[in-house]
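Asks: Build the 3D model from these lines:
(2 chains)
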Number of protein chains: 2
Amino acid sequence: MTSTTSDLHSSVFTTETMAVPGGTETILRGGRHLFGLLPGAFAGIERIGVLGWGPQGRAQAQNLRDSLDGTGITVTVGLRPGSSSADDARAHGFTEADGTLGGWLDVAATSDLVILLIADAALAAHHREVFAVLKPGAVIGLSHGFLLGHLRATGGDFPPGHAVIAVCPKGMGDSVRRLYLQGVDVDGAGINSSIAVHADPDGRAGDVALGWSVALGSPYTFATTLRDEYLSDIVGERAILLGAVHGLVECLHRHFLLAGDDPVTAYERSCENVTGPIAATISRDGLSAVRAACADTAAFDRAYTAAYAPARDLVAEIYDEVADGTELRSVILAEQRLADRPLSRIGGTAMWRAGNEVRARRGTRDLAIDPLTAGLFVATMTAQVDELAARGHAWSEIVNESVIEAVDSLLPYMHARDIAHMVDHCSRTARLGTRRWGPRFQSAYEQVVLPAVDAPADTGLVEAFTANPVHQALAAAAKLRPAVDISVA
Amino acid sequence: MTSTTSDLHSSVFTTETMAVPGGTETILRGGRHLFGLLPGAFAGIERIGVLGWGPQGRAQAQNLRDSLDGTGITVTVGLRPGSSSADDARAHGFTEADGTLGGWLDVAATSDLVILLIADAALAAHHREVFAVLKPGAVIGLSHGFLLGHLRATGGDFPPGHAVIAVCPKGMGDSVRRLYLQGVDVDGAGINSSIAVHADPDGRAGDVALGWSVALGSPYTFATTLRDEYLSDIVGERAILLGAVHGLVECLHRHFLLAGDDPVTAYERSCENVTGPIAATISRDGLSAVRAACADTAAFDRAYTAAYAPARDLVAEIYDEVADGTELRSVILAEQRLADRPLSRIGGTAMWRAGNEVRARRGTRDLAIDPLTAGLFVATMTAQVDELAARGHAWSEIVNESVIEAVDSLLPYMHARDIAHMVDHCSRTARLGTRRWGPRFQSAYEQVVLPAVDAPADTGLVEAFTANPVHQALAAAAKLRPAVDISVA
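Replies: You can find the predicted model right below:
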């Protein structure tokens, strides 16, 4: 049975109903008090194989191992022969000696739940080899929908007779591990996850997925489909999570310089503003609070008015291209070219050199929210929310993929390292997407938005923002997680 | 018979052999002295229907009518019912009264050569209606390969039993008409064209195509295939012809402002430099002459070195996406969205406001070629040349699509009106492509090229430029046309 509707049932965990705009969603609240239920959720699973040691592999393997400590369920890491990650895996306690580190096909062949966390390009190239060695009835686990998109684009399919599930943390691997560790002291701290049950031949896939999500430390788990996950994930990273925010700060830093700011001030009004006070305000008090925090609300409203429609146009374009398969074709074509030529880095512009000085003087001053930067950023985030809602995504998915993942995971990381560093160090699919769409956002801000920011605000548009159902959905989601420290050292 | 190789034979005209790097190409030199041969080339054709009155339709219908004056062959313009172009067509002498203006399906049904010059989106939507009404044996004429790309993407095909030919002027409709009129005084003035014979059921298609090209005023005509034409045409407009040049000047204008220039000087060093002295130097003396004209050759070499590889990467990416059909999918998706929302304009940035002042002070000063601007522009043009050569295009196609169309048609128009105005007024397919790729070039120049322009020049790369076969190919092509006035009033 292949599922194309999202649903969340459990015979092990007690789910809850959450009110969202226009209805309710069934969700599972997480927490360490549920770890005792994990053996029941993982019934029949003795060995979990995590293939890959990228950021997600490293975080998930450790969280699963720690959560399942004492249950007798083994977590094993599988790597490609000669992988340069082997030493780091050993340093984190996965070793050949105790059988928790091995070749990826060996691990795939001997695990009851095989979690595919290798890079997208490797997954596209090698998934058939993995499928060929699976034990009868082994569960196939994914952490995003890329493989489904690839299979659709190439006419392939998942092998019959295997459950196919996804648990998709709405944050970077680094955050998945860091907030999980905070959960030792703050029960429920972690990164929210969506789950999708794509194939469920024997009816136990849903509880395996929920168990996996609880074991990762998800404060709350919500249901989606693999296709909705794929669409919202790829669109989100190309828009507000990475692409748009990079395009925004490239545009605004130059804009403030040309308006007469010195490089450090221009950096503080653009990049630092977004990753610092704007992200913190949204994480703590929601999207409306950013507008309220602007001393010059009228300037925020004018900026919001100028940016909303161009940003919405771009998000709609991205959504169309992802849904159509065009975006994935372009990633595959890029991977073929990149076999010969390395991907260039984007951190070369002058603005990033100001970052060190800005970071050094943090704490000596209280940085005010810049209304122009805030208006453009919040308009773009709201445009993504509205476009995902118009395309029928569930509200939990919308707020996690558009807001919570940004303010609780990515922006804090960018605040610590800077945005270009973040882009240059994320997954190839995300890097390629950021290259592709970041410049489009930058040009839209430069050519369409900034020339319009002195025009009067559109009061209807501002009222629609104030009354946007996202605020209710975000508040409902916020109640489900404890206050956490989002800062990155 | 469907042709996938380019060839040029004639039983009417005397062709010539032109030496190009690595071999020869057969070409036809044009000129008004050949008009007497047109009835022979058009044997069996009494009525030519030109569908559409965009820039190409307006230019081609007039040139064909003027060239065929006195031969008894009628040129009729076909428009959609209620077309807003009807008055302009009448003003140019095409009227219902004398039977040279009519509904497009009526004109298609009664013509022996039906030239499809309606907009790409209309062509995609309505080509089947046109095909359905054609007379037996009517020749289908195109001026670029878009329809072939669309048919391949949608599983369609041209109707059997009809010759399918393309005559593709390597310039805007405005130039096709303007230089044709110069041909009254300067024999051979005009815009070069490629021809492709895609289907030739009775063996007369090649001479019809050559006759059409001669009648348009093409100084020389070279052979290609519809697919090669499509690839080089769509890639060219997304790269050096429109997209790259827009991205380049957006980047450089801000760069010069940030370096301390006033807006007018920054405009002169960026936009005005490209459309003015750089374009004129290439048109007159070729690509090498730009380097020779730089007072600071070393600065040109450093800029060329920094820009060549990033530009080549982008041209390769564009080529892959056009060849794969991805680019065309994105145009079709955009057309669907644009049914609801208008395409925003790109001329809003501050730089364009400096244009009027720059244009007003032309003639009062002699503008020197800026070595940074020249190095970036020439590197990008050369990168396109090299990529098209690596993909196996014929040299005539390469130099016309990468160099001659730019310096003889588009850049002079941009010089008169500015680049943003040009982009906002060209075909939808070209506008969408410029939106898509211009920002990519801008970001590559900003993030990768400019941070590297102070590094030492790569002498091997500069020597490869000096020895590039494009210079020989361009010189051979230049001999085939008279000196023309490329300026636009």
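
Asks: quick one: buried residues of the helix or strand hosting A:Leu376?
Replies: Assigned by DSSP states H and E, A:Leu376 falls within helix A:371-390. Buried positions in helix A:371-390, judged by neighbour count with 16 or more other Cβ atoms under 10 Å in any protein chain shown: A:371-389. All C-beta spots, glycine's among them, are computed from the backbone N, C-alpha and C.

Asks: Provide a list of residue ranges in the stretch 101-250 of chain A with pLDDT below threshold.
Replies: Nowhere does the stretch 101-250 of chain A drop to pLDDT under 70.

Asks: Residue numbers of it in contact with chain B?
Replies: Remark: the part of the stretch 101-250 of chain A in contact with chain B comprises A:Glu250, using Cβ under 8 Å from any Cβ of the partner chain.

Asks: re the thing from before, and the helix holding A:Leu376, how far out from the chain middle?
Replies: 17 Å (Cα atoms, centre = their mean, to the nearest Å).

Asks: tell me how far the next helix or strand after it is from the chain's mean position?
Replies: Moving toward the C-terminus from helix A:371-390, the first helix or strand encountered (DSSP H and E) is helix A:395-399. Relative to the chain's own centre, helix A:395-399 is displaced by 12 Å; criterion: Cα atoms, centre = their mean.

Asks: Could you give the average pLDDT over the helix or strand just after helix A:395-399?
Replies: The helix or strand immediately downstream of helix A:395-399 is helix A:405, counting by DSSP H and E. Here helix A:405 scores 92 as its mean pLDDT.

Asks: and what of stretch A:22-30?
Replies: Averaged across stretch A:22-30, pLDDT comes to 94.

Asks: A:Ala239 versus the nearest residue to A:Asp458 once chain neighbours are set aside, what's the distance?
Replies: Leaving aside its sequence neighbours, A:Asp458 sits nearest to A:Thr305 (Cβ to Cβ, 6 or more residues apart in numbering or on different chains; 4.4 Å). Applying Cβ to Cβ, to the nearest Å, the value for A:Thr305 to A:Ala239 is 19 Å.

Asks: higher neighbour count, those two?
Replies: A:Ala239 (30 against 23; other Cβ atoms under 10 Å in any protein chain shown).

Asks: Next up, the contacts around the more buried one.
Replies: Residues near A:Ala239 by Cβ atoms under 8 Å, 6 or more residues apart in numbering or on different chains: A:Leu314, A:Val315, A:Ile318, A:Thr380, A:Gln384, A:Trp437, A:Phe441.

Asks: Now distance to B:Arg365 too, for those residues, in TSV please.
Replies: Below are those laid out as TSV (distance: Cβ to Cβ, whole Å):
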residue	distance to B:Arg365
A:Leu314	41
A:Val315	46
A:Ile318	45
A:Thr380	43
A:Gln384	49
A:Trp437	41
A:Phe441	38
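
Asks: Arrange the residues you listed in a markdown table, one row each, with secondary structure as further columns.
Replies: Below are these laid out as a markdown table (DSSP: H, G, I helix; E, B strand; the rest coil):
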| residue | secondary structure |
| --- | --- |
| A:Leu314 | helix |
| A:Val315 | helix |
| A:Ile318 | helix |
| A:Thr380 | helix |
| A:Gln384 | helix |
| A:Trp437 | helix |
| A:Phe441 | helix |
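
Asks: Report the residue ranges of every domain in chain A.
Replies: Domain assignment for chain A by automatic domain parsing gives A:16-222, A:235-478.

Asks: Relative to A:Trp352, how far out is the residue in the stretch 101-250 of chain A positioned nearest to chain B?
Replies: Chain B sits closest to A:Glu250 of the stretch 101-250 of chain A, with a gap of 7.3 Å, by Cβ to the nearest Cβ. Shown here: A:Glu250 relative to A:Trp352, a distance of 10 Å by Cβ to Cβ.

Asks: who's more crowded, these two?
Replies: Between A:Glu250 and A:Trp352, counting by other Cβ under 10 Å, A:Glu250 is the more crowded of the two (28 against 20).

Asks: Local confidence estimate at A:Ile318?
Replies: For A:Ile318, pLDDT reads 97.

Asks: My guess is it contacts A:Trp437. True?
Replies: Yes: between A:Ile318 and A:Trp437 there is a contact under Cβ atoms under 8 Å: 6.1 Å.

Asks: Next, show the common contact partners of these two.
Replies: With Cβ under 8 Å, 6+ apart, A:Ile318 and A:Trp437 have common neighbours A:Arg238, A:Ala239, A:Gly243.

Asks: Please name the nearest non-neighbouring residue to the last one.
Replies: Counting by Cβ to Cβ, 6+ apart, A:Trp437 is the residue found nearest to A:Gly243 once chain neighbours are left out, at 3.7 Å.

Asks: show me the contacts for the one you found.
Replies: A:Arg238, A:Ala239, A:Gly243, A:Ala244, A:Gly247, A:Leu314, A:Ile318.

Asks: how far away is it from A:Ile240?
Replies: 11 Å.

Asks: repeat for A:Tyr230
Replies: 17 Å.

Asks: same thing with A:Glu16?
Replies: 28 Å.

Asks: Return the backbone torsion pair for the closest residue to chain B within the stretch 201-350 of chain A.
Replies: Per Cβ to the nearest Cβ, A:Gly348 is where the stretch 201-350 of chain A lies closest to chain B, at 3.5 Å. Reported as degrees, to the nearest 10, the phi and psi values for A:Gly348 are phi -80, psi -10.
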